[in-house]
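> Sequence plus the predicted model coming up.
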Number of protein chains: 2
Amino acid sequence: MNLTIDAKSPLPVYQQVIQAIKLEVLSGGLHDGDLLPSIRDLAKLLKLNPNTVAKAYYALEAEGFSENRSGSGSRVRVPAGRRDALRRAMLESEFRNFLGKAVALGFGLEDINQLAERIKQ
Amino acid sequence: MNLTIDAKSPLPVYQQVIQAIKLEVLSGGLHDGDLLPSIRDLAKLLKLNPNTVAKAYYALEAEGFSENRSGSGSRVRVPAGRRDALRRAMLESEFRNFLGKAVALGFGLEDINQLAERIKQ
DNA sequence: TTCATTGTATTACTATTATAATACGCTTTA
DNA sequence: TAAAGCGTATTATAATAGTAATACAATGAA
């Protein structure tokens, strides 16, 4: 697990934890059935309060990403098929988000292609 | 001015106002020297408290985007040259941001190109 | 000059976020 | 069975964001 927390971000810390774990699952670092680090361990690792991490774990379970069991830990519950669908959906969502901003700034597809070509190098 | 506020966004409302006005300037809807709506008018329009809008106006002035004068209002202070530079910088920043997320999800340039082709239609 | 409008400032209240310190019940393992 | 580790729950405190009500001083126009 490679997650970093930005205390200065406007995004609440517990939501950053949620996003980081989702990303870990979607990118293939964590698989269906894998055990997440314990709340206390992750809190110590990220230098957060256990309650903050617990809030994230609770939300992940509520979203159907994981299953929490007192005594035995939290396990990822995202079958490969669903994971792939979510991964593609997230890419498209992020792309549309970027595209929207670019259009709002008055740029067109040509400008974006030009930029992409320049960035590649 | 065409700005909408999302109360559910994790981004604080006053920062949404800042972004919306910056976008209006960068996209050419507001020009150097133009008068911004008064704090009270904009607050009424967006159904926000005047203090929230005032906070945004104060920040915009601190960033050198505008100049506030008691009694006569707030005026945009972004010469065309600077505006164009900022506009390009913002596009590149947003693109790099998107690219970073795509890579984190395990996608490559090919996947992005493929998606872009599909989105076009 | 007078008056409406402007940005600015102050104080108070609420909700959310995050931390902190505990405690409880469940599960696993020695 | 006993102990350690797990998620869960409660209560308290602090900081930030946002609302709300008001007042002040500067500006510009009637």
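Cool, got the structure.

> which SS class is the most centrally placed residue in chain A?
In chain A, the centroid-proximal residue (C-alpha atoms, centre = their mean) is residue A:19; its distance is 2.7 Å. Secondary structure, DSSP: H, G, I helix; E, B strand; the rest coil: residue A:19 is helix.

> separation between it and DNA strand D?
18 Å (C-beta to the nearest atom of the strand, to the nearest Å). All C-beta spots, glycine's among them, are computed from the backbone N, C-alpha and C.

> and that residue, what pLDDT?
Note for residue A:19: predicted pLDDT of 93.

> hang on, residue A:86 packs against residue A:65?
No: counting by C-beta atoms under 8 Å, residue A:86 does not reach residue A:65; the two are 9.3 Å apart.

> circling back to that earlier point, please name the nearest non-neighbouring residue to the residue nearest to the centre of chain A.
Counting by C-beta to C-beta, 6 or more residues apart in numbering or on different chains, residue A:19 lies nearest to residue A:11, which is 7.7 Å off, once chain neighbours are set aside.

> And that neighbour, how far from residue A:97?
The gap separating residue A:11 from residue A:97 is 15 Å, by C-beta to C-beta, to the nearest Å.

> distance between the ends of stretch A:101-118?
Taking C-alpha to C-alpha, to the nearest Å, stretch A:101-118 runs 19 Å from one end to the other.

> Write out the residues of chain A neighbouring DNA strand C.
A:12-15, A:48-52, A:55, A:69-72 (C-beta under 7 Å from any atom of the strand).

> if I pick residue A:79, what's in contact with it?
Residue A:79 is in contact with residue A:32, counting by C-beta atoms under 8 Å, 6 or more residues apart in numbering or on different chains.

> So which of the residues of chain A next to DNA strand C sit within strands?
residue A:69 (DSSP state E).

> Which among the residues of chain A next to DNA strand C count as buried?
A:13, A:14, A:48, A:52, A:55 (16 or more other C-beta atoms under 10 Å in any protein chain shown).

> before we move on, back to that, more crowded one of residue A:86 and residue A:65?
The residue with more neighbours, out of residue A:86 and residue A:65, is residue A:65; 23 against 16, by other C-beta atoms under 10 Å in any protein chain shown.

> With DNA strand D as the reference, measure out to that one.
Per C-beta to the nearest atom of the strand, residue A:65 is found 13 Å from DNA strand D.

> buried stuff in whichever strand or helix holds residue A:74?
Using DSSP states H and E, residue A:74 maps to strand A:73-76. Under the neighbour-count criterion of 16+ other C-beta under 10 Å, strand A:73-76 has A:74, A:75, A:76 buried.

> sec struct for the nearest residue to residue A:15 once chain neighbours are set aside, please.
Nearest residue to residue A:15, sequence neighbours excluded (C-beta to C-beta, 6+ apart): residue B:10, at 6.6 Å. Following three-state DSSP, the label given to residue B:10 is coil.

> distance of residue B:10 from DNA strand D?
Distance, residue B:10 to DNA strand D, by C-beta to the nearest atom of the strand: 9 Å.

> farthest-separated two in the buried ones among the residues of chain A next to DNA strand C?
Farthest apart among those by C-beta to C-beta are A:48 and A:55. That separation is 10.0 Å.

> could you list every residue that touches the residue of chain A found nearest chain B?
Residue of chain A nearest chain B, by C-beta to the nearest C-beta: residue A:98 (4.0 Å). Neighbour list for residue A:98: B:94, B:95, B:97, B:98 [criterion: C-beta under 8 Å, 6+ apart].

> which among the residues you listed gets closest to DNA strand D?
Ranked by distance to DNA strand D (C-beta to the nearest atom of the strand), the contacts of residue A:98 are led by residue B:97 at 20.7 Å.

> how about the nearest residue to that closest one, chain neighbours excluded?
Once flanking residues are discounted, residue B:97 sits nearest to residue A:98: 7.4 Å by C-beta to C-beta, 6+ apart.
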